[in-house]
Structures are given as C-alpha cells and as structure tokens.
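Undergrad: Predicted model, plus sequence, below.
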Amino acid sequence: MKKWFWVFTGLLVLLLVAAQCGGPAAPQATEAPAATGEAPVVEEAAGEPELAKELYVFNWSDYIDEELLPMYEEETGVKIVYDTYDSNEDLLAKMQAGATGYDVIFPSDYMVAQMIDLGLLAELDLNNVPNLEYISDFNKNPAYDPEHKYCVPYFWGTTGIGYDASVVDPPPESWSWIFDPDVVCQYQDGGVNVLDDERELIGAALKYLGYSLNDTDEAHLNEARDLILAAKPCWKTFDSAGYIDNLMIPGEIVLTHGWNGDVFVAAEENENWTYVMPEEGGVVWQDNMCIPASSTRRATAEHFINWMLDPEHAAQNTNYVWYASPVEAAKEFIDPDIVEDPSIYLDEDTISRLEWIEPLSTEALGIWDRVWTEIKAQ
C-alpha cells in the first residue's frame, strides 16, 4: 500500500500537468500537424503504467467484438474513443495527412513494412506486452517486423471467394468465378461484389493468370487490368467495408471476393454463405496492433495491446469476428466449430498455395497505382 505522502505528491504532480496540458487532443484526421520540429511528449512506463484518461483506437470496420471495449473501460477507467477505416491505403492516407491523435492502429503485414520505412510507427516496449509469449510460432517474428519491434499480431486469415450455395452451383473452384466473364456473368442478376482493395483485387487477378500476387512486371499488371475490366460490367459493387451487413446477409449478392472471416460472420445470419479458397491459391495475411509514432499515450496503448492478447479476450474476439487468432493459448476458449474448420485454421495443403502480400518499391507502387486508377476510372 502506498503511503499518504506519495499519494498527495502524485496528485499534486497530476494537477500541475493537467493545468499545463489541458488533457489529450482529439484525433485530427484531415489536417496536418504544425511543423514545430519537436518530438511528441510521450507517457513513460515505469513498472505498472499510470494509464491515460482516454485512448484513441483506429481499426478496420466490423473487426472487433465491441463488448470488449466497455470491458476494458470498466477494468481500467480508460475511455476508448473508437473509429474505423476501410483499407490499408485509407489508413496510410490519414496517417500521412496528419492524423496525430490515434494511439492504436491495425495495419496489415505489407503496410507495416511501408509505415516503418516512412517513420510512422513507434517502437514498442515489449516489457509492457508480456502476453506476446502466447503468440503461436506460425505468427511470430514475421518478415515485415521480425522482432516485433513495432507491432504484434492481431488476426490472420485468407482471401478467397464467398458464395451463396443456394444459388451458385457448382461451387466455385477457381478465380474464374470472379474474373472470367463467361462464368461470372451468369450470376450478374444475383449480384457480384469484389473488394475495393488495390492489392487484394489486382493480386487475385494475377494469381488467376498464373503470376505471383506480388508481381511487378508492368506487362503482367496491364494483363491483370484488362482481365478485371473485362469482368467489371458483371460486378454489382466494389465494397470492402459494408458488404457483410449491406450485401451478403440481406441477399443483395450471391458471389463475392472476400475475407474468410467476413463470409463466416455473414453465414451466422444467412446460412447459405460458404467460403472457398480457389485452386490457384490466394492471399494469407496478418493484421497487427501498432502504435503511431505521433501517439502521446504509448504506455496506455501498450497496456491495451497486452490486454487484447490475453487468451480469454483474444478468444472472445475470435468467437465474434471468426478470424484465426494468433494467440495459441486462446484455442481452448474458442468455439470448436472455428478451431476445427480448416478454412480458418489452415491445413498444410492450403497454406502451400498461399502468398503473403509483400511491400512494393516506390517504382513498382507507381505502376500498381496507375493500374488501379485505370480500373476504377472505367
């Protein structure tokens, strides 16, 4: 128990700091910060950190069991301010535009590497993240951040095809169900969606053509563009954010390029939805919890990240989102239907057909961006 002297002293220091700072600033998503040349003042963690009053969390849409947020608030007294984005590129654009108020973000593997190069991520004090020990060997030390210097895993999964089994027959075996007009246009009236995601959609087209989804050959990328444009008239929507609730569950589409967990979430409400990995293979990805370099509440952010890696909290999250947790110790608390599903927790044959999305050079990214602009413009 602390002595009253130290309690009084601590309170006095807090009052002085509050008078000078006026509390934490809210996120500024559209205005760049003033160029003061000064590094942000950051919380220091010594032993158990003194937690901030608020924590600003910026995550993908529909990507957390939101019951976890009030649980954390009740346990810690920290108010979570929660906001969402639709793609890695959306996240990057907001960070580069000066969104300085966020404390925890969730970029995918290749985007982590890009953000590290741009100096957008803070280094983690792993002493404050002891639950990292629960991460499985498959998910540990990824190539984009081999020592977890900047990020820790959040979820991992695959990108393939979701389909309404009551309408789509036979089941899709190939990416031709998305990219071959003779096949996909059969389902035009029922509705077809593709992810509004540059690396995912072009990457899937490249896999169908027999190339790596990380291909940088301009001729191959133009070939992928032409393939996409030929199929595009048969597609109803480009949607990565609201396609579960707005399209899949109400039956507005019967076929979608999608993330495996999203298809399983839709199937809880509409049992006709089924997920398949095309024979050509596809993406295996890992999303991560990271702290922006501009965060001034780093100790609290690390505390939140560690809390999310607690096996029971990670399991609750997986039971809601239906993505594989990197927390090995969570499996005993996860619904057996999830753990035993080979399209969620993958078998070796499936893994052998998958690729990680890798970061691109500046020159290659310019080619990809041009191709994406041409796809979206027509």
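TA: Sure, I can see it. This is a predicted model, so every value here is computed, not measured.

Undergrad: Please count neighbours and contacts with C-alpha atoms only from this point.
TA: Noted.

Undergrad: tell me, what residue is most central in this protein?
TA: In the chain, the residue lying closest to the centroid (Cα atoms, centre = their mean) is residue 287, at 4.4 Å.

Undergrad: Next, residue 236: phi, psi?
TA: Residue 236 adopts backbone torsions of phi -90, psi -40, taken as degrees, to the nearest 10.

Undergrad: Enumerate every residue touching it.
TA: Taking Cα atoms under 8 Å, 6 or more residues apart in numbering, we find residue 236 in contact with 188, 191-193, 253.

Undergrad: longest single strand anywhere in this structure?
TA: If you go by DSSP state E, the chain has its longest strand at strand 151-164.

Undergrad: The stretch 1-150 of the chain: strands as residue ranges?
TA: Ranges of strands in the stretch 1-150 of the chain, per DSSP state E, counting those that start in this stretch, are 54-60, 79-85, 104-105.

Undergrad: Show me what the second one is packed against.
TA: Translated: strand 79-85. Here strand 79-85 touches strand 54-60, helix 68-76, going by 3 or more Cα pairs under 8 Å, 6 or more residues apart in numbering; DSSP states H and E.

Undergrad: just the ones you listed: most buried one?
TA: strand 54-60 (a mean of 21; mean count of other Cα atoms under 10 Å).

Undergrad: Identify the residues contacting that one?
TA: Residues outside strand 54-60 that contact it (Cα under 8 Å, 6+ apart): 24, 27, 78-87, 101-106, 297, 300-301.

Undergrad: ok, now with 10 Å
TA: The contact list for strand 54-60, computed with Cα atoms under 10 Å, 6 or more residues apart in numbering, reads 23-27, 73, 77-88, 90-91, 101-107, 240-241, 287, 289, 291, 295-298, 300-301, 304.

Undergrad: Give the buried subset of these as a ChimeraX selection command.
TA: In ChimeraX, this line selects whichever of those come out buried by 16 or more other Cα atoms under 10 Å:
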select :27,78,79,80,85,86,87,88,91,101,102,103,104,105,106,107,240,241,287,289,291,295,296,297,298,300,301,304
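
Undergrad: Can you give the domain ranges for the protein?
TA: Following automatic domain parsing, one gets these domains for the chain: 47-156+286-335, 157-284+340-377.

Undergrad: re the thing from before, which stretch among the strands of the stretch 1-150 of the chain comes nearest residue 160?
TA: Among these, the nearest to residue 160 by Cα to Cα is strand 54-60 (18.6 Å).

Undergrad: Note down every partner strand of the closest one and its orientation.
TA: Counting by DSSP bridges, the strands paired with strand 54-60 are strand 79-85 (parallel), strand 104-105 (parallel).

Undergrad: Same list, these, but as CSV with distance to residue 111 and mean pLDDT please.
TA: As requested, those are exported to CSV (distance: least, Cα to Cα, whole Å; pLDDT from 0 to 100):
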stretch, distance to residue 111, mean pLDDT
strand 79-85, 14, 97
strand 104-105, 11, 98
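
Undergrad: Can you add distance to residue 227 and give the ones you listed back as TSV?
TA: Formatted as TSV, the strands paired with strand 54-60 follow (distance: least, Cα to Cα, whole Å):
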stretch	distance to residue 227
strand 79-85	28
strand 104-105	34
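
Undergrad: picking that back up, can you count the residues close to the closest residue to the residue nearest to the centre of the chain other than its chain neighbours?
TA: In space, and not counting its chain neighbours, residue 287 is closest to residue 108: 4.2 Å by Cα to Cα, 6 or more residues apart in numbering. Using other Cα atoms under 10 Å, residue 108 has 21 neighbouring residues.

Undergrad: any idea how far residue 363 is from residue 108?
TA: Computed as Cα to Cα, to the nearest Å, the residue 108 to residue 363 distance reads 21 Å.
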